[in-house]
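> What follows is a predicted protein model with its sequence.
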Protein chains: 2
Amino acid sequence: MAVPVWSVDPRTGKQRAEAGPAAGPVATEATADQVDAAVRAAAAALPALADRPARAALLRGAAGLLEESAEEIIATADAETALGVPRLTGELARTAFQLRTFADVVDEGAFLDVIIDHPDPDAKPIPRPDLRRYKIPLGVVAVYAASNFPLAFSVPGGDTASALAAGCPVVVKAHPDHPATSELCARALRRAAVAAGLPEDTVVLLHGFQAGVDLVRHPLVSAAGFTGSIPGGRALFDAAAARPRPIPFHGELGSLNPVVVTEAAAAERAEQIGTGLAGSFTLGNGQFCTKPGLVLAPSGEDGDRLVRALTGAAEQAAAGVLLDSRMRDNFVKGAAARVALPGVTTPVAPGAADDLSEQRVRAGYVVVDAADLSEQGAYDLLLEECFGPLTVIVRYADAAALGAVLDRLPGNLTATAHLGAAEAGEEGGPAADLLRRLTALAGRVLVNGWPTGVAVTGAQHHGGPYPATTSTSTSVGATAIERWLRPVAYQDTPPALLPPELRDGNPLGLPRRVDGVQQL
Amino acid sequence: MAVPVWSVDPRTGKQRAEAGPAAGPVATEATADQVDAAVRAAAAALPALADRPARAALLRGAAGLLEESAEEIIATADAETALGVPRLTGELARTAFQLRTFADVVDEGAFLDVIIDHPDPDAKPIPRPDLRRYKIPLGVVAVYAASNFPLAFSVPGGDTASALAAGCPVVVKAHPDHPATSELCARALRRAAVAAGLPEDTVVLLHGFQAGVDLVRHPLVSAAGFTGSIPGGRALFDAAAARPRPIPFHGELGSLNPVVVTEAAAAERAEQIGTGLAGSFTLGNGQFCTKPGLVLAPSGEDGDRLVRALTGAAEQAAAGVLLDSRMRDNFVKGAAARVALPGVTTPVAPGAADDLSEQRVRAGYVVVDAADLSEQGAYDLLLEECFGPLTVIVRYADAAALGAVLDRLPGNLTATAHLGAAEAGEEGGPAADLLRRLTALAGRVLVNGWPTGVAVTGAQHHGGPYPATTSTSTSVGATAIERWLRPVAYQDTPPALLPPELRDGNPLGLPRRVDGVQQL
């Protein structure tokens, strides 16, 4: 029996009957047979995707089609996520930019990592054969869409774009928070595939929790990308590892994104940092994976000024609607549990915004002393991510107290230092030490900025030690393509049988490393 | 109570009392506390290893010390493995070359993968911050030594060399087949570390099965490299994935290394292929991970000629001693089970060489019809690796029969095609199709050669789809270093606090990608 998938308006908690094609559900949950058929259909598209120009055309075409349908997509996404039209307009632009960026990556071809070593009969200690290596697509990629970015980390998002760029067909498991948006985006991607001369099933969309589990276990799925919670991501990671043939599982699970404000920074810019922090932790109602969730601020008057500025700004933050009622309930419960910890103070109380509407939540923050966090115990709750507009200020008395907390932190997507002007200019001093410590904790280290906002560029790294990610990879930026490739080497293979990428004379004009020398 | 570790002579099956420092055991198995102490000692070496010139000096120094002690190391390794002085002399040269190759990799610095994107306030869709990314070492690496290469894939082998090159301290779990050799090599590596100004515990050696299990579970171990059997490797892979913080596990587990001989190749070179195959599958007594273990040869007279040549050459192969008595027993049992399959013929019987000595085994091979392998059943045993001097010839009648067997093969380190002269020169023909199919099956594809012999070079890829490896990585060649690194990006970080690798002006003279352009 088909299980219907409804689009739900988080502002009301009600099913959006009008969202479906027949004033009903948007879709149905995929059965095991449907998952199997979807994966087989996607797998059949693999050979066609070997055509790199077609891949680039697909990515650019998809960007164009998303832009053409922007109004409908944004309205639908707003109705399903309550993220607001301005934010979703920006997210669609970012998503289109990301697709075009990966088209450029495909065109350039550096991701193929071509290495050619000609034979050397005189090589020591033994003669060397002709060896030529490049990277090929892994096969069908399963993408698990995120709740909080219905476009940029969902159906047409970075995982899909980078997998298609690599030459991998994609089966996306839609997030239940935005099934109608997912359908619209999948339609655009499939149309773009056909327009580029590729099979429609280059991208296939599935709905349903069990479909997601079946997907990661399917023998023809060769890798997976995930953005979501620690429990959900870990369960899928475990399933990927337990397969008869284990597959790479690139999951972005959770991150506290610690921020350290030094004494000097607080002395110089307490108010600016306090208001900046309020803007960052409440952005998108605190539903960013890079939300600064733990801020180490100094004890003393300068730290007090920072807290006062934070209070002033956080009190101004508008109450907002979270992505769904489960997240809202978890946020309200999580906020209450943090507030209830003995000794924790709550200058601005986070939680349900009863005065406005049952669906809204208020941003807030709690303050704890670093000493409470220096040993395992009840306060460890404050070292867990709380999804939503809440952050934790940890007041530290000295470098030792700061270090004791840093020692206890899990892996993170980002870690940020706010430094004084003199510190920022000093080589080999305490600030350099601090950055070294933060580097051990995260995949991206920022100075005097805020971690929300993840630029799509070559040098980006959006990933970090577990639980930030389950691998050493990035899900944003040009190198995200590396997740979906594996190297293969050809030994003593006649020119006529070599892929053109590996032939002498470089017929495709690729950047290659030949006999130990990089060629552009 | 300390469990003694003995050195055993596989030629006699007896403990080598003289191998120990006090005419006794070589070492003792590490207790849980000793594993913990070893990992902590290695972890303490991590900061010192940030010095890249020191790492290069360590690698070159280790190569020199191995060569200085070559006589003792080779004699010890021969006594423990029966691999013979000529082979071990070559293996030591290869090991020293590999260490020096990784020193060159460290010096060049391309492995740091530096990408710098300067800020762009006018970037679309949003302004871009300053982002600079490179790769840093993961932390302590656990290396599980192989049985069959006591040097090149053991204590001073490719996993250790590439991990040290990456800046990771190494804890090696010795293989029980060569503990005394392992001790000698660890001593050389530790001396080289000290000579390079690095902590002695940059490399630590452990013995014992349980120590290996404890090692992969240790919280301070950040990655593992393994070369060995499918059951052993999978158990450690599972343990690595099941940790609270999962770690990358780069295991090389098993490989059939299929070879396809086309009709034309057999017609042109049946005898040459038959004798070449005999040389390859009996090399090192068939104890190569790249041994051709499944050879698809055409039915008909040309294929018959190949088989006759193989028989003649295989009958000449000297009986040999396997690495230990367990492997010998497994080989004898495995050979008998294959020979006993109905319809399988055995032109040269593999198994115990009763006429020579109980410790020796004879090389041999079996022949089966492709039709028997086209469906799941008892013949699947022939699709499993049999460690030792045995190969399986599969006679195929036509392209369909060949394809049906290829469709059933698991992942492999290598796949080889023997082609006729005309086929080798034809673009887009059946040989190109064949290579495409072999590419899907393996990490290295060879034409008209034999897979035994793995060149240490930039373009090498020694890895392949599971169970060949548990990841997409290589354990041989320059890119093996990538296994032990993770990227980190710095955003808007003042020049004084940036690692010198990422500063403007390129003070270290590294190859870098700056604003989208590769610079040499």
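Cool, the structure landed.

> Is residue A:136 part of a helix or strand, or is it coil?
Following DSSP: H, G, I helix; E, B strand; the rest coil, the label given to residue A:136 is strand.

> got the contact list for it?
A:167, A:485-488, B:439 (CB atoms under 8 Å, 6 or more residues apart in numbering or on different chains). To be clear about C-beta, it is placed using only N, CA and C from the backbone, and glycine gets the same treatment.

> Just the closest of those to residue B:271, please.
residue B:439 (28.5 Å; CB to CB).

> in terms of contact, does that closest one touch residue B:446 like I think?
No. Residue B:439 sits out of contact with residue B:446 when judged by CB atoms under 8 Å, with a separation of 11.4 Å.

> In terms of neighbours, single out the busier of those two.
Legend: neighbour count by other CB atoms under 10 Å in any protein chain shown for residue B:439 and residue B:446, higher for residue B:446 (26 against 16).

> Please confirm that that one is located within a helix.
No. Checked against three-state DSSP, residue B:446 lies outside a helix; its state is strand.

> returning to that earlier point: please flag which of the contacts of residue A:136 sit within strands.
A:485-488 (DSSP state E).

> could you dump the residues you listed to CSV with distance to chain B and neighbour count?
Formatted as CSV, the ones in strands among the contacts of residue A:136 follow (distance: CB to the nearest CB, whole Å; neighbours: other CB atoms under 10 Å in any protein chain shown):
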residue, distance to chain B, neighbour count
A:485, 7, 23
A:486, 4, 23
A:487, 5, 25
A:488, 6, 24
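
> nearest to residue A:6, of those?
Looking across these and measuring by CB to CB, the closest to residue A:6 is residue A:485, at 37.7 Å.

> hmm, back to that, closest one to residue A:288 out of the contacts of residue A:136, please.
Among the contacts of residue A:136, and counting by CB to CB, the member closest to residue A:288 is residue A:485, at 28.6 Å.

> show me what contacts that closest one?
Applying CB under 8 Å, 6+ apart, we find residue A:485 in contact with A:111, A:113, A:135-138, A:166, B:472.

> Tell me the one of these nearest residue B:154?
For the contacts of residue A:485, the nearest to residue B:154 is residue B:472 (23.5 Å; CB to CB).

> Let's see the pLDDT reported for the closest residue to that closest one other than its chain neighbours.
Of all residues beyond its chain neighbours, the one nearest residue B:472 is residue A:486 (4.0 Å), with distances taken as CB to CB, 6 or more residues apart in numbering or on different chains. pLDDT recorded at residue A:486 is 98.

> do residue A:520 as well
pLDDT, residue A:520: 82.

> Neighbours of it, how many?
11.

> coming back round to it: would CSV of the contacts of residue A:485 with pLDDT and distance to residue A:224 be doable?
Shown next, in CSV, are the contacts of residue A:485 (pLDDT from 0 to 100; distance: CB to CB, whole Å):
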residue, pLDDT, distance to residue A:224
A:111, 98, 19
A:113, 98, 22
A:135, 98, 18
A:136, 98, 18
A:137, 98, 14
A:138, 98, 10
A:166, 98, 14
B:472, 96, 14
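
> centre of the chain versus whichever strand or helix holds residue A:329, how much separation?
Per DSSP states H and E, residue A:329 falls inside helix A:325-339. Relative to its chain's centre, helix A:325-339 lies at 23 Å (CA atoms, centre = their mean, to the nearest Å).

> buried set for it?
Neighbour-count burial for helix A:325-339 flags A:327-328, A:330-332, A:334-335, A:338-339 (criterion: 16 or more other CB atoms under 10 Å in any protein chain shown).

> quick one: which of those is nearest chain B?
Checking those against chain B by CB to the nearest CB gives residue A:334 as the nearest, at 21.3 Å.

> is it true that that closest one touches residue A:390?
Yes. At 7.3 Å, residue A:334 and residue A:390 qualify as touching, with contact defined as CB under 8 Å.

> Show me whatever sits in contact with both of the two.
Common neighbours of residue A:334 and residue A:390 (CB under 8 Å, 6+ apart) do not exist.

> for residue A:244, what are its contacts?
Per CB under 8 Å, 6+ apart, neighbours of residue A:244: residue A:219.

> ok, 6 Å please
Applying CB atoms under 6 Å, 6 or more residues apart in numbering or on different chains, one finds that residue A:244 lies in contact with no residue.

> and it, what element?
Since the elements are taken from DSSP H and E, residue A:244 ends up inside neither a helix nor a strand.

> pLDDT on stretch A:448-457, on average?
pLDDT averaged over stretch A:448-457 gives 96.

> ends of it, how far apart?
Using CA to CA, to the nearest Å, the end-to-end distance of stretch A:448-457 comes to 20 Å.

> near chain B at all, that stretch?
Yes. Using CB under 6 Å from any CB of the partner chain, stretch A:448-457 reaches chain B at A:449, A:455, A:457.

> how close does the second one sit to residue B:120?
Separation of residue A:455 from residue B:120 (CB to CB, to the nearest Å): 9 Å.

> count of neighbours near residue A:409?
Neighbour tally, residue A:409, other CB under 10 Å: 20.

> what separates it from chain B, distance-wise?
13 Å (CB to the nearest CB, to the nearest Å).

> May I have the residues that are in contact with that residue?
A:258, A:441.

> Quick check: it vs residue B:168, distance?
22 Å.

> and the stretch 401-520 of chain A, which residues reach chain B?
Counting by CB under 6 Å from any CB, the stretch 401-520 of chain A sits next to chain B at A:424-425, A:427, A:431-432, A:435, A:439, A:443-447, A:449, A:455, A:457-461, A:466, A:472, A:486-494, A:496-497, A:518, A:520.

> Can you list which of those are found in helices?
A:424, A:431-432, A:435, A:439 (DSSP state H).

> for those, which one is nearest chain B?
Nearest member of these to chain B, counting by CB to the nearest CB, is residue A:424, at 4.3 Å.

> which one is that closest one nearest to, not counting chain neighbours?
Leaving aside its sequence neighbours, residue A:424 is closest to residue B:494 (4.3 Å, by CB to CB, 6+ apart).

> Quick check: which ranges of the stretch 1-150 of chain A have low pLDDT?
A:18-23 (pLDDT under 70).

> so which helix or strand takes in the closest residue to residue A:141 other than its chain neighbours?
Leaving aside its chain neighbours, residue A:141 sits nearest to residue A:163 (4.0 Å; criterion: CB to CB, 6+ apart). Using DSSP H and E, the element containing residue A:163 is helix A:158-166.

> Which elements pack onto that helix?
helix A:85-108, strand A:140-144 (3 or more CB pairs under 6 Å, 6 or more residues apart in numbering or on different chains; DSSP states H and E).

> Please state the offset of the first one from the chain centre?
Using CA atoms, centre = their mean, we find the averaged C-alpha position of helix A:85-108 to lie 14 Å away from the chain's own average C-alpha position.

> so how far is chain B from residue A:134?
For residue A:134, the distance to chain B - CB to the nearest CB - is 9 Å.

> Okay, buried residues for stretch A:67-82 please.
Result for stretch A:67-82 [16+ other CB under 10 Å]: buried residues A:69, A:73-74, A:76-82.

> Take those residues and keep only those in helices.
A:73-74, A:76-81.

> now, among those residues, which is nearest to chain B?
residue A:74 (14.2 Å).

> If you count contacts, what does the helix or strand that contains residue A:205 end up packed against?
Secondary structure assignment for residue A:205, by DSSP H and E: strand A:203-206. Secondary-structure packing of strand A:203-206 (3+ CB pairs under 6 Å, 6+ apart): helix A:32-44, strand A:170-173, helix A:179-195.

> Tell me the gap between it and the middle of its chain.
Worked out by CA atoms, centre = their mean, strand A:203-206 lies 19 Å from the chain centre.

> cool, stretch A:303-322 as well?
The answer for stretch A:303-322 is 26 Å, by CA atoms, centre = their mean.

> Around chain B, pick out the residues from the stretch 51-200 of chain A.
A:93-94, A:97, A:115-117, A:125, A:128-129, A:131-133.
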